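Undergrad: sequence unknown, structure follows:
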C-alpha cells in the first residue's frame, strides 16, 4: 500500500522538481542572451544614434557658417564673399 501511495505522489512531487530543474538549466541561456542584448546595438538604435549625430553636426555647421558670415560682414561690409 505504501508503494502505491509513493508511486501516486511521485508525479506531483516530480512536477515541482521538473519546473525547478528547467529554470536552473535555462538560467545560463537567459543570462547570456540578456548580456548579448545589452552589448549589441539593434538597427533601430543605430539609426536613432546616427540621426542624433547628424543633427548635432548640422547644427554645429550652421553656427559656424553664421559666425563666419557675421565676421566677414564686419570686416568687408556688404562685399563679403564676392
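TA: That came in fine, so what should we check first? Just so you know, these numbers come straight off a predicted model, no measurement behind them. Residues are numbered from 1 along each chain as shown.
Undergrad: Tell me how this protein divides into domains.
TA: 1-40, 42-81 (the TED database).
Undergrad: Reformat these as JSON lines; add mean pLDDT and mean neighbour count.
TA: C-beta here means a position set from N, CA and C on the backbone, and glycine is covered the same way. Conversion of the domains of the chain to JSON lines gives the following (pLDDT from 0 to 100; neighbours: other Cβ atoms under 10 Å):
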{"stretch": "domain 1-40", "mean pLDDT": "68", "mean neighbour count": "9"}
{"stretch": "domain 42-81", "mean pLDDT": "92", "mean neighbour count": "10"}
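Undergrad: Any chance of the backbone angles for residue 41?
TA: Main-chain torsions, residue 41, degrees, to the nearest 10: phi -110, psi 130.
Undergrad: and the most centrally placed residue in the chain, what does it touch?
TA: In the chain, the C-alpha nearest the mean C-alpha coordinate belongs to residue 41, at 5.5 Å (Cα atoms, centre = their mean). Neighbouring residues of residue 41 by Cβ atoms under 8 Å, 6 or more residues apart in numbering: residue 49.
Undergrad: again with residue 24
TA: So residue 24 contacts nothing (Cβ under 8 Å, 6+ apart).
Undergrad: Helix or strand for it, just tell me which one.
TA: Element membership of residue 24, judged by DSSP states H and E, is helix 2-39.
Undergrad: Can you give me the distance of the residue nearest to the centre of the chain to residue 48?
TA: To residue 48, residue 41 is 10 Å away according to Cβ to Cβ, to the nearest Å.
Undergrad: How about residue 32?
TA: 26 Å.
Undergrad: residues making contact with stretch 30-39?
TA: So stretch 30-39 is contacted by nothing (Cβ under 8 Å, 6+ apart).
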